[in-house]
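Visitor: Starting from these lines, generate the structure:
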Amino acid sequence: MKALHFGAGNIGRGFIGKLLADAGVQLTFADVNQVVLDALNARHEYPVHVVGEQAQVEIVKGVNAVNSASDEIIPLIAEVDLLTTAVGPQILERIAGGVAKGLVQRHESGNARPLNIIACENMVRGTSQLKDHVLKALPEQHHAWVEANVGFVDSAVDRIVPPSAAGTTDPLEVTVETFSEWIVDKTQFKGEPPTIAGMELTDNLMAFVERKLFTLNTGHAITAYLGQLAGHATIRDAILDKKVRAIVQGAMEESGAVLIKRYGFEAAKHAAYIQKILGRFENPYLQDDVERVGRQPLRKLSAGDRLIKPTLGTLEYQLPHDNLVKGIAAALHYRSDQDPQAQELAELINRQGVQATLAQVSGLEAESEVVKAAVAAWNEMA
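Guide: The predicted model follows:
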């Protein structure tokens, strides 16, 4: 089986690319980082440091790479069996044009083998969004063929992949935690789903998408925002702070109550899942900066993301949300010289105040109870 994977960054190499290569898939990475591309094509392998109590270095072998901005991707898309991405939500639209060109060539060359596309992004139904971008870029005479022959398969992904350690000179070396979860919607495949160790099939994807979003993502973000306010540099330092931990765990329990109502998750099992997530944040082998985890606060405060969406769920089911509100307030305090969204957030608050800014960014009513509570919490934190 052949696969093309867009995104040769840490997540691409350390998570999805590794699972594909380990499964014996003939894997080509597509990226724009020429240093990484040259190294992959020179060596055809790279080291992955899997860190935890049983730390080990695993070598991913038999890979190569192409420039994703070049026409080299077109014949590959015409030929491969699987296309995956780990490029970041905002880059999906940029790669859609190249994917569309590849699909045109695949159609015109008469390749009727099923192609399945899986966007492995930190977002809800990312593949469906990629499909929308691809269809916009695709000439209409190819639409029916794509609908019949190309599966756009949504997925939920979960693995903490921090930046490479300072002082690392190898552009391919990557560090990952032991835990990983890749859940895909088996109802969306064309043909038989591939057998890949570490890829789980489900017919109820949204339950797992929201479980991850409302637990790992919600908890991670709130740990980062409260951690920065408390002067902590890393996620581990922040979650070991009892005051931070109490709010983070409280927020995950509030969002968990939504999941239990919505999807019928077993309360005891979900409580154990929360404890597992907290344990991952504590991993002493993962040096993950609060500033990195907190970046893009405007996206993280949007209606469909990790802070507002679970809070909307608590309103829907008339459940408590005090800790989620504190997390929202902490996000409004996030600052980073390296993050344009953090700078934009600060400018909005300076210009129009916290209440109007939160309403604008989140879609919540400015006079709503949640917005007023978040403003009060923001003032206390200030």
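
Visitor: Please spell out which residues along stretch 162-172 are buried.
Guide: By 16 or more other C-beta atoms under 10 Å, the buried positions in stretch 162-172 come out as 162, 164, 171-172. Quick note: C-beta positions are derived from backbone N, CA and C, even for glycine.

Visitor: Of these, which is the nearest to residue 28?
Guide: Residue 28 lies nearest to residue 172 out of those, by C-beta to C-beta, at 15.0 Å.

Visitor: and the closest one, what does it touch?
Guide: 13, 36, 39-40, 43, 46-47 (C-beta atoms under 8 Å, 6 or more residues apart in numbering).

Visitor: how far does stretch 200-214 stretch from start to finish?
Guide: 20 Å (C-alpha to C-alpha, to the nearest Å).

Visitor: Sort out which residues of the helix or strand harbouring residue 76 are buried, please.
Guide: Using DSSP states H and E, the element containing residue 76 is helix 73-77. Buried residues in helix 73-77, counted by 16+ other C-beta under 10 Å: 73-74, 76-77.

Visitor: Flag the shaky bits of the chain, pLDDT-wise.
Guide: Scanning the chain for pLDDT under 70 picks out the ranges 165-167.

Visitor: how is it carved up into domains?
Guide: Structural domains assigned to the chain are 2-203, 206-381, following automatic domain parsing.

Visitor: gap between the shortest one and the chain center?
Guide: So the one you mean is domain 206-381. For domain 206-381, the separation from the chain centroid amounts to 15 Å (computed by C-alpha atoms, centre = their mean, to the nearest Å).

Visitor: Next: stretch 147-167.
Guide: Relative to its parent chain, stretch 147-167 has a centroid offset of 7 Å by C-alpha atoms, centre = their mean.

Visitor: which residues are contacting the next helix or strand along the chain from the helix holding residue 76?
Guide: For helix 73-77, the following helix or strand on the C-terminal side (DSSP H and E) is strand 82-85. Strand 82-85 is contacted by residues 1-7, 16, 20, 25, 77, 92, 95, 99, 115-121, 126, 130, 194 when judged by C-beta under 8 Å, 6+ apart.

Visitor: Now, these that are in helices?
Guide: Among the contacts of strand 82-85, the members falling in helices (DSSP state H) are 20, 77, 92, 95, 99, 126, 130.

Visitor: now, the most widely separated pair of the residues you listed?
Guide: So, the ones in helices among the contacts of strand 82-85 by C-beta to C-beta: farthest apart are 20 and 92, at 18.9 Å.

Visitor: and residue 28, what does it touch?
Guide: For residue 28, the contacting residues are 2-5, 63-66, 76, 80, by C-beta under 8 Å, 6+ apart.

Visitor: Report the secondary structure state of the residue lying closest to residue 177 once chain neighbours are set aside.
Guide: Leaving aside its sequence neighbours, residue 177 sits nearest to residue 160 (C-beta to C-beta, 6 or more residues apart in numbering; 4.7 Å). At residue 160 the chain is in coil, as set by DSSP: H, G, I helix; E, B strand; the rest coil.

Visitor: what do you get for the one 4 residues further on?
Guide: The three-state label for residue 164, taken from three-state DSSP, comes out as coil.

Visitor: do you know how far the residue lying closest to it once chain neighbours are set aside is from residue 6?
Guide: Nearest residue to residue 164, sequence neighbours excluded (C-beta to C-beta, 6+ apart): residue 173, at 6.0 Å. Residue 173 sits 21 Å away from residue 6, going by C-beta to C-beta, to the nearest Å.

Visitor: still on that earlier bit, sort out for me which of the contacts of residue 172 are in helices.
Guide: Taking DSSP H, the ones among the contacts of residue 172 that sit in helices are 36, 39-40, 43.

Visitor: Among those, name the buried ones.
Guide: 36, 39-40.

Visitor: would you turn those into CSV with distance to residue 211?
Guide: Converted to CSV, those look like this (distance: C-beta to C-beta, whole Å):
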residue, distance to residue 211
36, 32
39, 36
40, 34
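
Visitor: Among those residues, which one lies nearest to residue 333?
Guide: Of all those, residue 36 has the smallest distance to residue 333: 34.7 Å, by C-beta to C-beta.

Visitor: got a list of what the closest one touches?
Guide: Per C-beta under 8 Å, 6+ apart, neighbours of residue 36: 8-9, 29, 65, 171-172.

Visitor: Please identify which of those residues is nearest to residue 301.
Guide: Nearest to residue 301 among the contacts of residue 36: residue 9, at 24.3 Å, using C-beta to C-beta.

Visitor: Quick one: residues contacting that closest one.
Guide: When contacts are counted by C-beta under 8 Å, 6+ apart, residue 9 touches 31, 33, 36, 86-87.

Visitor: Closest to residue 243 out of those?
Guide: Taking C-beta to C-beta as the measure, residue 243 sits nearest to residue 86 out of the contacts of residue 9, at 34.3 Å.

Visitor: Quick one: residues contacting residue 73.
Guide: Going by C-beta under 8 Å, 6+ apart, residue 73 touches 4, 30, 66-67, 98-99, 102.

Visitor: Just the buried ones out of these, please.
Guide: Those of the contacts of residue 73 that meet the buried threshold are 4, 30, 66, 98-99, 102, by 16+ other C-beta under 10 Å.

Visitor: Max pairwise distance over the residues you listed: which two?
Guide: Pairwise distances among the buried ones among the contacts of residue 73 were taken by C-beta to C-beta; the largest, 13.4 Å, belongs to 66 and 99.

Visitor: Mind telling me which residue is nearest the centre of this structure?
Guide: Centroid-nearest residue in the chain: residue 122, 1.6 Å away (criterion: C-alpha atoms, centre = their mean).

Visitor: Next one: that one from residue 306, what distance?
Guide: Distance of residue 122 to residue 306, computed by C-beta to C-beta: 9 Å.
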